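Q: Below: sequence and its predicted model.
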Amino acid sequence: MIILASIICCAAALMAAGFLYQWIGAHRDRVRYTRSGRWIDVGRGGRLYLLERGSGGPTVLFEAGIAATNLNWSHIQQIVSGFTHTASYDRGGLGWSSPGLTVRTPGNIAIELHAMLENAGIKPPYVLVGHSFGGLVMRRYAAMFSEEVRGVILVDPMRLDEWPPLNSGKQAVLDRGTRLSGYAIPIARFGLARLAVTSLLCRSGRLSEFLAGVAGNGGRHVLGRIKSEVGKMPKEVRPIVAAHWSRPAYYAGMASHVEAVPDTVREMLEAEPISGIPVLLLTPGTSIPLCEQGLRSIGDNVQQVIAPASAHWIHLDEPDLVIDSIRDMVRSTVAEPIAVTA
């Protein structure tokens with residue numbers, strides 16, 4: 001009985017220590033890493049974290065992939081801000097933003113994005129740049145608020161036919177992602193996620209490799225993918241990525257995005273194409289290019305360019321291609337008049 005009580009006391013002490021470690025670390029992260037941006041009220045108590053750089057116009061607005069934040073665009077935003085005003089942000093539920101207020105579908109997110117821009121005083125015109133799931137958000141924004149948009153660049157946007165309900169075989173992948181995100185919430189709450197991601201991104205990585213080994217082949221596969229993609233990002237943002245991935249709210253936000261994928265596919269199947277706005281579609285060399293019918297479903301003025309040296313993360317594999325594409329879009333649209341509604 002004494003041994004059992006001692007074990008329980010030790011476990012409780014460890015949990016309390018982990019909770020305190022996480023609380024102190026999260027507070028320190030928020031103070032240290034959010035000074036460059038600001039939070040914008042989007043109604044109903046929701047606030048989105050916004051980061052602006054540069055000056056001039058049109059504003060280039062960046063939208064990240066399904067579980068990514070403004071950090072995914074850090075390098076490209078810095079370069080593009082040298083010739084125009086730029087804005088990136090964290091969607092509701094991710095990064096430094098408050099939890100999402102609605103189902104995480106592109107239309108709902110586009111409405112929140114519109115409110116953020118209005119309340120932040122960032123006036124149109126905009127050039128929209130979106131990667132993967134973020135490409136779907138930008139498609140919806142351009143269709144819903146077309147009078148504000150001068151051009152759209154889609155960086156390997158999420159393909160509807162690869163996900164449920166069109167591809168029901170991928171439902172197990174979504175279910176597994178939601179389940180793992182749920183498991184990660186208490187792990188993050190008691191500081192274990194902070195230990196693992198800090199080891200991976202900011203230190204030797206031995207602890208994260210050990211934990212991945214304990215999880216088996218699946219854990220090692222996930223670790224390999226993370227190291228490959230995050231390794232392409234600037235070193236200075238990796239501690240901030242670790243800070244995001246240390247937060248329980250991050251995993252709750254990721255789960256809400258993954259759960260909404262079938263609703264996202266249904267919404268986009270019925271979404272109207274972008275009309276009267278130039279769209280540049282960047283397709284990786286590892287993927288099959290979209291056919292004419294696929295391009296017409298996106299818009300009536302779509303140009304497809306193949307990124308020969310890229311996989312899905314074109315902006316990390318070939319950042320110069322994305323930067324040059326943005327520069328060309330800004331130059332081609334800067335002299336065009338735009339009607340701004342009151």
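A: Yep, it's here.

Q: Ala193: neighbour count?
A: Other residues lying near Ala193 total 23 when counted by other C-beta atoms under 10 Å. (Glycine included, C-beta is placed from N, CA and C.)

Q: My guess is it contacts Trp245. True?
A: Yes - Ala193 lies in contact with Trp245 (C-beta atoms under 8 Å); the separation is 6.5 Å.

Q: okay, and for this protein, where does confidence drop off?
A: 204-229, 334-342 (pLDDT under 70).

Q: what are the ranges of the helices in it?
A: 2-33, 74-80, 106-120, 133-144, 171-189, 192-202, 206-215, 217-230, 238-245, 248-259, 261-270, 292-298, 314-317, 319-333 (DSSP state H).

Q: Dump the ones you listed to JSON lines, plus distance to Gly95.
A: What follows is the helices of the chain, written out as JSON lines (distance: least, C-beta to C-beta, whole Å):
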{"stretch": "helix 2-33", "distance to Gly95": "10"}
{"stretch": "helix 74-80", "distance to Gly95": "12"}
{"stretch": "helix 106-120", "distance to Gly95": "13"}
{"stretch": "helix 133-144", "distance to Gly95": "13"}
{"stretch": "helix 171-189", "distance to Gly95": "14"}
{"stretch": "helix 192-202", "distance to Gly95": "14"}
{"stretch": "helix 206-215", "distance to Gly95": "21"}
{"stretch": "helix 217-230", "distance to Gly95": "15"}
{"stretch": "helix 238-245", "distance to Gly95": "6"}
{"stretch": "helix 248-259", "distance to Gly95": "8"}
{"stretch": "helix 261-270", "distance to Gly95": "19"}
{"stretch": "helix 292-298", "distance to Gly95": "27"}
{"stretch": "helix 314-317", "distance to Gly95": "17"}
{"stretch": "helix 319-333", "distance to Gly95": "21"}
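
Q: Tell me which of these sits nearest to Arg47.
A: helix 106-120 (9.0 Å; C-beta to C-beta).

Q: Now the closest one: buried residues?
A: Neighbour counts using 16 or more other C-beta atoms under 10 Å place Pro106, Gly107, Asn108, Ile109, Ala110, Ile111, Glu112, Leu113, Ala115, Met116, Leu117, Ala120 of helix 106-120 among the buried residues.

Q: quick one: the spatially most central residue of the chain and Phe145, what's the gap?
A: For the chain, the residue nearest the mean C-alpha position is Ala68 (2.7 Å; C-alpha atoms, centre = their mean). Per C-beta to C-beta, to the nearest Å, Ala68 is found 23 Å from Phe145.

Q: Also Gly299?
A: For Gly299, the distance to Phe145 - C-beta to C-beta - is 14 Å.

Q: now swap in Leu50 and tell me
A: Going from Leu50 to Phe145 by C-beta to C-beta gives 17 Å.

Q: These two: which is more packed in?
A: Leu50 (21 against 18).

Q: residues touching that one, list them.
A: For Leu50, the contact set (C-beta atoms under 8 Å, 6 or more residues apart in numbering) comprises Gly37, Arg38, Trp39, Ile40, Ala87, Ser88, Tyr89, Met116, Ala120.

Q: now Thr198
A: Contacts here follow C-beta under 8 Å, 6+ apart; on that basis Thr198 touches Ala242, Ser246.

Q: any idea how far it lies from Asp29?
A: 11 Å.

Q: Between those two, which contacts overlap?
A: Ser246.

Q: For the nearest residue to Thr69 once chain neighbours are set aside, grab the count of nearby residues.
A: Excluding the flanking residues, the one nearest Thr69 by C-beta to C-beta, 6 or more residues apart in numbering is Gly95, at 3.6 Å. Neighbours of Gly95 under the rule other C-beta under 10 Å: 29.

Q: Then Gly25?
A: Counted by other C-beta under 10 Å, the residues lying close to Gly25 total 18.

Q: With Glu148 instead?
A: When neighbours are defined as other C-beta under 10 Å, Glu148 has 21 of them.

Q: now do Trp39
A: Counted with other C-beta under 10 Å, Trp39 comes out at 18.
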